[in-house]
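Engineer: My questions concern the predicted model and sequence given below.
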Amino acid sequence: QNETLIMKGIQQTFPSHRIIGEETTGTSQVEPLTMEPTWIIDPIDGTTNFAAGLPLTCVSIGFCVQGRPVMGVVYAPMTQELYMTVRGYGAYRNTVKLSLLSNSNSTQLQNAVVNFEFGYARHSQDISSMVGAVQRILEHGCRTTRSLGSGVLDLCYVATGRIDVVYAGIATEGWKPWDYCAGMLIVLESGGVIESLQPNDTKTKNDNENDTPADEYDIYSSSVICAVNQQL
């Protein structure tokens, strides 16, 4: 119902725009991102949290022009937090501008709060890869680890400095465009960094039309590492 409500509102106001939604896509292949104006929607991110009554869940709406995210809105109703961003105009939480340059002091992994998401990967090899990555982080040393259950809020929390690093995609637990679209821009506009863990890491894209710059994160990537600064 959330996605239907959002889509109706967009279609009434912008009838020529394309829409890519998590619920309408389901288990099908994600539509390629073209140069046309496109809205990318996650009506409930953190679905398991929502079903269990846990507060870390949100709605994410991103807008792309010429194959690049240019606007993002994330609303977490249970914590009453609204994140908004427009490319080139900064990122905000409840109207307060986010700035990692002034709020983040973590530059070493041993002082960092590291977040990861295991998702629904259940094969033995995938589990070994994911658990092995956490083991290496703990052996190296970090302040602590977390797994919050909402990829979109993970990105928003990096943008606010609540967590220092989040990663996903070690095995098959990577995310999809609706997990990245709004949150990625919120991170970048707050001063954070976001990259793929693997080179040439793309799930689905239209190589003839999607014109993502080489130095910008591709929201169709199947892996991500996002941090408050480049040093981490």
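Structural biologist: Received, thanks.
Engineer: neighbours of the closest residue in space to Arg87 that isn't next to it in sequence, just the number please.
Structural biologist: Closest residue in space to Arg87, ignoring its immediate chain neighbours: Val70 at 4.5 Å, by Cβ to Cβ, 6 or more residues apart in numbering. C-beta coordinates here come from the backbone N, C-alpha and C atoms, glycine included. When counting by other Cβ atoms under 10 Å, one arrives at 15 neighbours for Val70.
Engineer: For Val70, pull up the helix or strand it's in.
Structural biologist: In the assignment (DSSP states H and E), Val70 maps to strand 68-76.
Engineer: Now Ile61: phi and psi?
Structural biologist: Ile61 adopts backbone torsions of phi -130, psi 120, taken as degrees, to the nearest 10.
Engineer: This structure: strands as residue ranges?
Structural biologist: With DSSP state E as the criterion, the chain has strands at 18-21, 38-45, 58-65, 68-76, 81-86, 91-93, 96-97, 113-116, 144-146, 165-168, 193-195, 224-227.
Engineer: got a list of what the residue nearest to Arg87 touches?
Structural biologist: Counting by Cβ atoms under 8 Å, 6 or more residues apart in numbering, Val70 makes contact with 63-64, 86-87, 185.
Engineer: Let's have these in a markdown table, adding distance to Asn229, neighbour count and pLDDT.
Structural biologist: Shown next, in a markdown table, are those (distance: Cβ to Cβ, whole Å; neighbours: other Cβ atoms under 10 Å; pLDDT from 0 to 100):
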| residue | distance to Asn229 | neighbour count | pLDDT |
| --- | --- | --- | --- |
| Phe63 | 27 | 22 | 98 |
| Cys64 | 26 | 27 | 98 |
| Val86 | 23 | 15 | 98 |
| Arg87 | 20 | 15 | 97 |
| Leu185 | 17 | 29 | 97 |
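Engineer: Pull the most distant pair out of those.
Structural biologist: Greatest spatial distance among these (Cβ to Cβ): Cys64 and Val86, at 12.7 Å.
Engineer: which strands and helices sit next to the helix ranked longest in the chain?
Structural biologist: In the chain, taking DSSP state H as the definition, the longest helix is helix 124-140. Using 3 or more Cβ pairs under 8 Å, 6 or more residues apart in numbering; DSSP states H and E, the elements in contact with helix 124-140 are strand 113-116, strand 144-146.
Engineer: So for it, what gets flagged as buried?
Structural biologist: 126, 130, 134, 137 (16 or more other Cβ atoms under 10 Å).
Engineer: Show the model's pLDDT score for the first one.
Structural biologist: This points to Asp126. The model reports Asp126 with a pLDDT of 91.
Engineer: residues contacting the nearest residue to it once chain neighbours are set aside?
Structural biologist: For Asp126, ignoring the flanking residues on the chain, the nearest one in space by Cβ to Cβ, 6+ apart is Ala171 at 3.6 Å. By Cβ under 8 Å, 6+ apart, Ala171 lies in contact with 121, 123, 125-127, 129-130.
Engineer: run the last query once more with 10 Å
Structural biologist: 118-119, 121, 123, 125-133, 223 (Cβ atoms under 10 Å, 6 or more residues apart in numbering).
Engineer: How about Val113?
Structural biologist: 106, 142-146, 157-158, 161-166, 228.
Engineer: if we can go back for a sec, out of the helices and strands packed on helix 124-140, which is the most enclosed?
Structural biologist: Stretch with highest mean neighbour count among the helices and strands packed on helix 124-140: strand 113-116 (a mean of 21; mean count of other Cβ atoms under 10 Å).
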